[in-house]
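Asker: pasting a predicted model and its sequence here:
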Amino acid sequence: HVQLVESGGGSVQAGGSLRLSCAASGYTYSSYCMGWFRQAPGKEREGVAVIDSDSSTIYADSVKGRFTISKDNAKNTLYLQMNSLKPEDTAMYYCAAGRVVADWPRANEYDIWGQGTQVTVS
């Protein structure tokens, strides 16, 4: 059973930090491109960061220098370290996996999605 399960969301004051985790199971985790997306109420889902199977990373301009995406292949777990959080970072955060991703911010490039974890910055 292919599954992604996010955790680590919560409420934090502006300037604070959170670390999101995404546990994967049921597929060859290390060969997939893994991404973090977020969706605020009334807005489209947007790509936050991506890490490829070779561990190369790309970030959205809005989070560059504040967020860090990483993965632990031995634990089949994806992470998103979020520092210097701002109120505009408030959203539901999702992890996603794609076998072949040509345009990383496009949500429909990804095959597997988690259920999401809420991040609220006040």
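Answerer: On my side now, so go ahead.

Asker: grab the nearest non-local neighbour of residue 84.
Answerer: With sequence-adjacent residues excluded and distances taken as C-beta to C-beta, 6 or more residues apart in numbering, residue 84 is closest to residue 66, at 4.6 Å. For the C-beta atoms, the positions are set from N, CA and C on the backbone; glycine is no exception.

Asker: now the strands for the protein?
Answerer: Per DSSP state E, the chain carries strands over the ranges 3-7, 10-12, 18-25, 33-39, 46-51, 57-59, 67-72, 77-82, 91-98, 112-113, 117-121.

Asker: which among these is found nearest to residue 104?
Answerer: Relative to residue 104, the nearest member of these by C-beta to C-beta is strand 46-51, separated by 4.3 Å.

Asker: what's near enough to touch the residue nearest in space to the middle of the chain?
Answerer: For the chain, residue 36 is the residue whose C-alpha lies nearest the centre (C-alpha atoms, centre = their mean; 2.0 Å). By C-beta atoms under 8 Å, 6 or more residues apart in numbering, the residues touching residue 36 are 20, 22, 47-50, 67, 69, 78, 80, 93-96.

Asker: cool, and residue 71?
Answerer: By C-beta under 8 Å, 6+ apart, the contact set of residue 71 is 34, 51, 55, 77, 78, 79.

Asker: which pair of those residues spans the longest distance?
Answerer: Farthest pair in the contacts of residue 71, by C-beta to C-beta: 55 and 77, 13.8 Å.

Asker: have a look at the two and say which one is more surrounded.
Answerer: residue 77 (18 against 11; other C-beta atoms under 10 Å).

Asker: what's the neighbour count on the closest residue to that one other than its chain neighbours?
Answerer: Leaving aside its chain neighbours, residue 77 sits nearest to residue 23 (5.3 Å; criterion: C-beta to C-beta, 6+ apart). Per other C-beta under 10 Å, the neighbour tally for residue 23 reads 16.

Asker: same thing with residue 49?
Answerer: Neighbour tally, residue 49, other C-beta under 10 Å: 24.
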